[in-house]
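In: Sequence plus predicted model, see below.
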Amino acid sequence: MVRIILVLNAAWLLTVSAAVAGEYAIMKVDTDTLLEWQARYDQGPEVHYDEALDTPQGSFSILNHVNYIPVEYNQGNCGNCWQWAGTTTLAVALHVSHNVFERLSVQHVNSCVDSVLGINCCAGASVWDLADFYNSVGFLVPWSNINAQFEDADAACDVSCGSIGTFPHYPVLAMSAYRITTRGVGQTVAINNIKNVLHQNRAVVLGFGLPDTASWDNFKVTFWSNQPETTLWNSDSSCGSTYTTTGGWHAVTCVGYNDNNPSNRYWIMLNSWGTADGMRPNSLYRLDMDLNYDCQLWDPVNSVWVYNLSFEAMSVTFSSNYCPCP
């Protein structure tokens, strides 16, 4: 039995519906749900940091552990970004721990999560639910299995769970969620905590919220669709804004960083929105490392502040029989 720690974001990965602009789905979330997410994050256990590891200035990436085809790494109109981010971290762990370079099926989760957990296809869920799903199912399915390639970009949800081939597969014994502390500790500690996990060859998933349509259009259209992968994104302009009914959340995967240039420090983010017609040939963008990690949005319904950035982790215990088992 082999125990691996994976990094995911769970606190922002619930949804009540998906909103689409240019086939870039986000998760639409009401304010009561936001408070539930924040409480779940605050109450969650903290991930283990390896104190023996340095978190040096420089360039570091674990993208070489991700088996993906950028043009196919695209959720389309389906609001299941949490599945893409989570599945990517599992694939990284499989390669790091067992040298199995596999593209894992997102469709398997999307098609079967309703029958396993009662969560609608393309509706989203938390990473605790993702762990519950795999704890119940007990295995990961390769993308190459019958009907396991992603077909729900149109959000039609017409691939039945029973039609997906489950052999071969990779046995999983258990998963659970953890948080990475980035709030209330200052920028330097927040950055070093994230770096520490990356240097353990673990992917980190960021969930982030934007307050309204204008903010999302700025990210989707102005930035993602029309800027090259070398351009930095910073969401600090939303800090202190009021969260509206047109706001929402999205989950992406952090696969590295570069802070060689003190005035141009960034995280390397993998996004499940394809290639933006070639503008994003690797499905990547650069997130400004010099963020306000304590950024909050105002919830006018409950008259409270909610954090709009969250970094979390999961542990997974693989069966020692980790091969593609018949």
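Out: On my side now, so go ahead. Numbering: from 1, shown residues only.
In: got any ranges where the stretch 1-150 of the chain has weak pLDDT?
Out: Where the stretch 1-150 of the chain drops to pLDDT under 70, the residues are 1-22, 124.
In: could you redo the last one with a cut-off of 50?
Out: 1-21 (pLDDT under 50).
In: which residues in it form strands?
Out: 2-6, 17-21, 24-28, 59-61, 139-140 (DSSP state E, counting those that start in this stretch).
In: Now do the closest residue in space to Gln200 that isn't next to it in sequence against Val197, distance only.
Out: Beyond its immediate neighbours in the sequence, the residue positioned closest to Gln200 (Cβ to Cβ, 6 or more residues apart in numbering) is Asp50, lying 5.7 Å away. Bear in mind the C-beta positions are built from the backbone N, C-alpha and C, glycine included. Distance, Asp50 to Val197, using Cβ to Cβ, to the nearest Å: 9 Å.
In: These two: which is more packed in?
Out: Counting neighbours by other Cβ atoms under 10 Å for Asp50 and for Val197 shows that Val197 has the greater number, 25 against 12.
In: which residues are contacting the helix or strand hosting that one?
Out: Per DSSP states H and E, Val197 falls inside helix 187-198. The contact list for helix 187-198, computed with Cβ atoms under 8 Å, 6 or more residues apart in numbering, reads 7, 47, 49-50, 53, 55, 60, 62, 180-183, 185, 204, 254-257, 267, 289-293, 311, 313.
In: residue ranges of the helices in the stretch 151-300 of the chain, please?
Out: 187-198, 213-217 (DSSP state H, counting those that start in this stretch).
In: which one of the ones you listed is the most hemmed in?
Out: Each of the helices of the stretch 151-300 of the chain was scored by mean neighbour count; the highest is helix 187-198, a mean of 19, by mean count of other Cβ atoms under 10 Å.
In: Just to check, Ser126 is in contact with Arg40?
Out: Yes - assessed by Cβ atoms under 8 Å, Ser126 is found in contact with Arg40 at 7.2 Å.
In: more crowded one of those two?
Out: Taking neighbours as other Cβ under 10 Å, Ser126 and Arg40 compare with Ser126 leading, 25 against 20.
In: Enumerate every residue touching the residue found closest to Asn120 once you drop the neighbours it is linked to in the chain.
Out: Nearest residue to Asn120, sequence neighbours excluded (Cβ to Cβ, 6+ apart): Asp114, at 5.8 Å. Residues counted as contacts of Asp114 (Cβ under 8 Å, 6+ apart) are Asn120, Cys121, Cys161.
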